[in-house]
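Colleague: Quick one: sequence and predicted model below, then my questions.
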Amino acid sequence: MYACLVVPGNLELGIECARGFSPHIEEDRPDAVLFDARGLETLFGPPGALAGEIARRIGVSASIAVAPNPDAATFAARGIGMRGGGMRGGGGVTVILPGEEAAALAPLPLNLLPCPPQTAELLHLWGLRTFADLAALPAAGVAARLGDEGIRLRRLARGESNRQLRPLEEPLLFEAACEPDSPVELLEALSFVLSRLLHDVCGQLAGRALSTNQLTLRLTLERAPEHVAQLRLPVPMLDAAVFLKMLQLELSGRPPAAAVLRAWLRAEPVKPRRLQHSLFQPPSPEPEKLEVTVARVRHLVGEGRVGSPELMDTHRPDSFVMRQFGEKHSAAGAAVAVALQETAAADGAAARLCLRRFRPARYAQVLVVNQQPVRVSSPTVNGRVVVAKGPWRTSGDWWQSSAWNRDEWDVALESGVLYRLFREIGSGRWFIEGSYD
């Protein structure tokens, strides 16, 4: 069975009412809503009881029809509005049982049929005024004069259509907003506003059996630019308390510049995470608790210092960025990692030296004779150079302020320790970049 509501001038109310019965909804502008009512008998009883429940929930005068197919329900509901239905405001209820479609639609006027103006004028010239008039014509004669269009209209007039619904697809927006009575200056007071927004958004997500992996908070400030805070989660979550704690840590580390006039929160919907736990391994930490811990560490050490390192696509030494846990690495970073793996595989089991970098590089004084370093002096490294190899010049990004240009040396001191030195070409300063193991 299918149900149709015609609510003149209030299509949004009809859509909201239909969503309470079925997720499969078709919008027939300007004022009709059609939805799939199959299977609702176990909840509301026979079609008549279902139509009565629809009329009770809609709360306003509306034309309601329940029929075995979508088109019959639509024509019947619109026909009620044209006849008045015996109710004030054009409302009324019609129930069409299987096998009664042709008889129920027979008195309806032909102008309810969706057909081109030329076809409608031709039917009028033939003297056809109602559905019954068109339904009584022989199928062969209608096909000979009107073709496939005529056969389709005849089937509609006889209530024999059995098409699928064209579902109404609206973008899923999970958002909430709040405008306090007075500007909010303290983080503690703002937390109450955020808690309300988070519970509203999480409730919307739970109603659709969804989770989120990204939250965006926008704060409208008093005489200051808008403040935006964004949480990117490594796994889908749905815990308002965890989200609130993470937002508090974010705002305490980067507070708004002025009092808050309005708060708006939006969540990106994703499918929830499903896990199968092992019987023989200890359970891993819950992602929610782990993410709060990571947020606390980020609050202490600063943004961009917590996460997974990713090599940058550049020849600049020791160049990397920190990606958040769970965030996909860029194609360039993945290509660099693959190249390093291939190089290591090509080297096989050959012995290689490993450079242990000093971060930051240690400043040193280097004595140079005949363009060769002969002695190194620094607070931690001192000694005479017995072997020196180099220089190897590296440079890049000359078009940016972050350009680098330097000469590198590998040296062995009299103590037997191997170091890498480099000299900045622009400043002439020497540094110890690391030691070889």
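Modeller: Looks like it arrived, so ask away.

Colleague: give me the low-pLDDT residue ranges for the protein?
Modeller: Scanning the chain for pLDDT under 70 picks out the ranges 81-91, 170, 275-277, 282-288, 325-351.

Colleague: residues in contact with the residue most central in space within it?
Modeller: Nearest residue to the geometric centre of the chain (C-alpha atoms, centre = their mean): Glu268, 3.5 Å. The contact partners of Glu268, taken as C-beta atoms under 8 Å, 6 or more residues apart in numbering, are Phe174, Thr212, Asn213, Gln214, Leu215, Thr216. Glycine gets a C-beta too; all of them are placed from N, C-alpha and C.

Colleague: Mind doing that once more with 10 Å?
Modeller: Counting by C-beta atoms under 10 Å, 6 or more residues apart in numbering, Glu268 makes contact with 172, 174, 205, 210-216, 232-233, 236.

Colleague: And Ile15, by the same measure?
Modeller: For Ile15, the contact set (C-beta under 10 Å, 6+ apart) comprises Leu5, Val7, Ile25, Glu27, Val33, Phe35, Leu168, Glu170.

Colleague: 7 Å - rerun?
Modeller: Going by C-beta atoms under 7 Å, 6 or more residues apart in numbering, Ile15 touches Ile25, Glu27, Val33.

Colleague: ditto for Gly150
Modeller: Gly150 makes contact with Val142, Ala143 under the criterion C-beta under 7 Å, 6+ apart.

Colleague: distance of the residue nearest to the centre of the chain from Arg296?
Modeller: According to C-beta to C-beta, to the nearest Å, Glu268 and Arg296 sit 24 Å apart.

Colleague: ditto for Trp398
Modeller: Distance from Trp398 to Arg296, counting by C-beta to C-beta: 41 Å.

Colleague: Same check on Ile151?
Modeller: Taking C-beta to C-beta, one finds Ile151 at 70 Å from Arg296.

Colleague: Likewise for Cys17?
Modeller: Relative to Arg296, Cys17 is positioned 46 Å away (C-beta to C-beta).

Colleague: Could you single out the nearest of the contacts of Glu268 to Arg362?
Modeller: Distance to Arg362 across the contacts of Glu268 (C-beta to C-beta) is lowest for Arg232, with 35.8 Å.

Colleague: Just the CA trace of the helix or strand where that closest one lies, in PDB.
Modeller: Assigned by DSSP states H and E, Arg232 falls within strand 227-237. What follows is strand 227-237 as a C-alpha-only set of coordinates in PDB (Å, rounded to 0.1, in the frame of the first residue of the first chain):
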ATOM      1  CA  HIS A 227      36.700  31.700  15.400                       C
ATOM      2  CA  VAL A 228      36.800  28.300  13.800                       C
ATOM      3  CA  ALA A 229      37.900  25.100  15.600                       C
ATOM      4  CA  GLN A 230      38.000  21.700  13.900                       C
ATOM      5  CA  LEU A 231      38.400  18.200  15.200                       C
ATOM      6  CA  ARG A 232      39.600  15.400  12.900                       C
ATOM      7  CA  LEU A 233      39.100  12.000  14.400                       C
ATOM      8  CA  PRO A 234      41.200   9.000  13.400                       C
ATOM      9  CA  VAL A 235      38.200   6.600  13.700                       C
ATOM     10  CA  PRO A 236      34.400   7.200  13.700                       C
ATOM     11  CA  MET A 237      33.100   8.100  17.100                       C
END
